[in-house]
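Participant: Give me a model of this one.
(2 chains)
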Amino acid sequence: MASPARRPSLSNIRSLHRKPKLPRNRWNGFFTFLAGLFAVIVVLPLVLVLAYVVIKGGSMMSLSLLTELPPAPGMTGGGIGNAILGTLIVSLIAALIAIPVGVGGGIYLAEYSKSGAFASFVRFGTNVLSGVPSIICGVFVYGLIVATRIFFDQSYSAIAGGIALSVLMLPTIIKTTDEGLKLVPQELRWGAIGVGASKFVTITHITLPTAFKPIATGIVLSIARAAGETAPLIFTALFSPFWPEGLFSPIASMSVLIYNFAIMPYDVQIALAWATSFVLVMMILVMNIFARYVGSFNKI
Amino acid sequence: MIQTTKTDLFRLRRRPLSEKLADQSFRVLATCLASLVGLILVAILITVLLGSRSAMSAYGLGFLTTSNWNPVTNEYGAFTAIYGTIVTSILSLLIAVPLGVGTAIFLTENFIPVKGRQIIGLMVELLAAIPSVVLGLWAIFVMEPFLRPVLNGLHASLGWLPFFSTQPEGPGMAPAILILVVMILPIITAIARDSLLQVPVELRQAAYGIGASRWGAIFQVILPAAISGITGGVMLALGRAMGETMAVTMIIGNSNNFSLSLLAPGNTIASMLANQFGEADGNQVSSLMYAAFVLMLLTLIINVLAQWIVRRLSLRYT
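Facilitator: All right, here's what the predicted structure looks like:
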């Protein structure tokens, strides 16, 4: 204001420089620091949990651990072979139920009814179902299957656990199928119909194979999530210290083993819980990273 | 002769019956599979309602406000668990929202190179993949012993407040709240990041153009533009926190004695179910089903509200 000189005065030139001491710059620095700190705090639990699981569980890895039965309370040695097998069986049952139903529901949403009242009801229901707590799935299957003894008068069974997990997987699979099919260019469908394919052939031979990768990604992720779930299993599949005896009897699983053994007062069991955590976490992380790897190069 | 072949060539091909049949049955099949979702939802509601019928008629609405849970005398009231569910989820949300939204901002602004942001984003997603029972194990043997001196200090200095009035003795509400924070952070961060990424770049450019500083633009332009998505994500996280079972069950102490103190053992509906359902019989099963119905209703309301918020309040930029 003061100097009406032709050339800009020195102070005016300086005003174009960044002044770190200005309040706004200080606040900027402060908030940037805060955001970075928050990001570190968010990532910290993952690092710590993984570190402890690897240190406490990974050090116990051996062939006998993976193949033997858990020891009785008070005994030493033993392994978690039955729990690993049990988790695989229960997840497989869940996948066999949830994949056909979920993919079918997704096909209906994406291919048959994009914006009908029924379709929006199904979408709404899918969202609501994905918000239902996993323990409620367990209570539901308990009331529906375990308490009523529908299957061969058996109460707790592997199949009940599988059904409970499939209820949990269903919304994810429907959503990813729906979204994967929506990514398929409309021209492909028109082309197929144009050369005389029926809708059934178009879907099974053109759109589904094209959207295979995103759908597969979603399915693998949902299986990984189901494999780690405990709450739906503790009163449907229960637990068993023995090898699986068939689909209609109680079955061991890694997640329930961790829960049961973690609250036991024996060091051997607690160590086994850590070892089981290591196996389970590694399995789930590998599935997750594999799914993301497959999904990363699938721009249809 | 020649004429008929010509018209034959141009006549529409009749679809064979088998093709029609395959088409129609596939459509019916897909519709049935889709309607299964609604069916399952209704079945869950009916199963839980039928199971809780006898407890509902025996205890009525008083079930929600009394806190004695005594299988010996067959008296049940779920107030402790309902209080625990609401307090743990709300408090964990209060801690997790600033952390999650701050991280989301850090991941959408260009503070660090894209590669670094991708790695942090991947780590947050992997945190969501860790099974809750493993987090519970970690909470029992690593987090809680580490935390105990801090909680003791809280009790020593702020013990005159009813919320810190008991001596921490291992499991309790406070560690449960912290492990819930770990469990809902990935959801909040992921959804906040998605909604921040959807804010059009022109808004940011305009803010910078009129001289806003970086954080001025974030607080006054970008966050308000993304608030609907963030609110929806927070509501979803609230629903998840209420229903979260395993980690909470392992660290909350499973006590049905009502206490205002956050350092004392408590209970949530989900942890009560996980802890007692297996060994319960008679009226206890029914009471647990009643509690499950309350939990289901709570999460249902919150989820529907979240969907409604996201749909109604979202600003649409084209």
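Participant: Could you measure from residue B:57 over to residue B:283?
Facilitator: 11 Å (C-beta to C-beta, to the nearest Å). Quick note: C-beta positions are derived from backbone N, CA and C, even for glycine.
Participant: oh sorry, the question was meant for residue B:66
Facilitator: As defined by C-beta to C-beta, residue B:66 lies at a distance of 14 Å from residue B:283.
Participant: And the residue of the stretch 101-250 of chain A closest to chain B?
Facilitator: For the stretch 101-250 of chain A and chain B, the shortest gap (C-beta to the nearest C-beta) falls at residue A:133, measuring 2.4 Å.
Participant: How about that residue, nearest residue that isn't a chain neighbour?
Facilitator: residue B:243 (2.4 Å; C-beta to C-beta, 6 or more residues apart in numbering or on different chains).
Participant: Where does the stretch 51-200 of chain B get nearest to chain A, which residue?
Facilitator: residue B:131 (2.9 Å).
Participant: which non-adjacent residue is nearest that residue?
Facilitator: What sits nearest to residue B:131 in space, not counting adjacent residues and going by C-beta to C-beta, 6+ apart, is residue A:228, at 2.9 Å.
Participant: For that neighbour, which residues are in contact?
Facilitator: Under the criterion of C-beta atoms under 8 Å, 6 or more residues apart in numbering or on different chains, the contact list for residue A:228 reads A:255, A:280, A:284, B:129-134.
Participant: next one: residue B:102
Facilitator: A:34-35, A:38-39.
Participant: What residues does the stretch 151-300 of chain B have near chain A?
Facilitator: B:182, B:185, B:189, B:213-216, B:218, B:236, B:239-240, B:242-246, B:249-250, B:270, B:273-274, B:277-278, B:288-289, B:292, B:295-296, B:299-300 (C-beta under 8 Å from any C-beta of the partner chain).
Participant: Write the PyMOL selection for whichever of those are buried.
Facilitator: A single PyMOL command selects the buried members of these (16 or more other C-beta atoms under 10 Å in any protein chain shown):
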select buried, chain B and resi 182+185+189+213+214+215+216+218+236+239+240+242+243+244+245+246+249+250+270+273+274+277+288+289+292+295+296+299+300
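Participant: residue nearest the centroid of the chain?
Facilitator: By default, I'm working from chain A. For chain A, the residue nearest the mean C-alpha position is residue A:225 (2.9 Å; C-alpha atoms, centre = their mean).
Participant: wrong one, chain B
Facilitator: Of all residues in chain B, the one closest to the mean position by C-alpha atoms, centre = their mean is residue B:240, 1.4 Å from it.
Participant: mind listing what that one touches?
Facilitator: Residues counted as contacts of residue B:240 (C-beta under 8 Å, 6+ apart) are A:131, B:183-184, B:187.
Participant: wait, which of these is closest to residue B:25?
Facilitator: Residue B:25 lies nearest to residue A:131 out of those, by C-beta to C-beta, at 32.8 Å.
Participant: Who are the contact partners of that closest one?
Facilitator: The neighbourhood of residue A:131, defined by C-beta under 8 Å, 6+ apart, consists of B:236, B:239-240, B:243, B:299-300, B:302-303, B:306.
Participant: Name the helix or strand for residue A:179, please.
Facilitator: Residue A:179 is part of helix A:158-183 when elements are defined by DSSP states H and E.
Participant: next structured bit after that helix?
Facilitator: Moving toward the C-terminus from helix A:158-183, the first helix or strand encountered (DSSP H and E) is helix A:186-194.
Participant: before we move on, the earlier item: closest to residue A:147 out of the contacts of residue A:228?
Facilitator: Ranked by distance to residue A:147 (C-beta to C-beta), the contacts of residue A:228 are led by residue A:255 at 22.2 Å.
Participant: pLDDT value on the closest one, please?
Facilitator: Reading off the per-residue confidence, residue A:255 sits at a pLDDT of 90.
Participant: That one against residue A:232, yeah?
Facilitator: No. Residue A:255 is not in contact with residue A:232 according to C-beta atoms under 8 Å; the separation is 9.7 Å.
Participant: Do you have the strands of chain B handy? List them.
Facilitator: Here chain B has its strands, by DSSP state E, at B:69-70, B:75-76.
Participant: so which of those comes closest to residue B:154?
Facilitator: With C-beta to C-beta as the criterion, residue B:154 lies closest to strand B:69-70 of the strands of chain B, at 27.7 Å.
Participant: Need the contact partners of that closest one.
Facilitator: Taking C-beta under 8 Å, 6+ apart as the criterion, the residues outside strand B:69-70 that touch it are B:75-78, B:80-81, B:256.
Participant: Thank you kindly, that will do.
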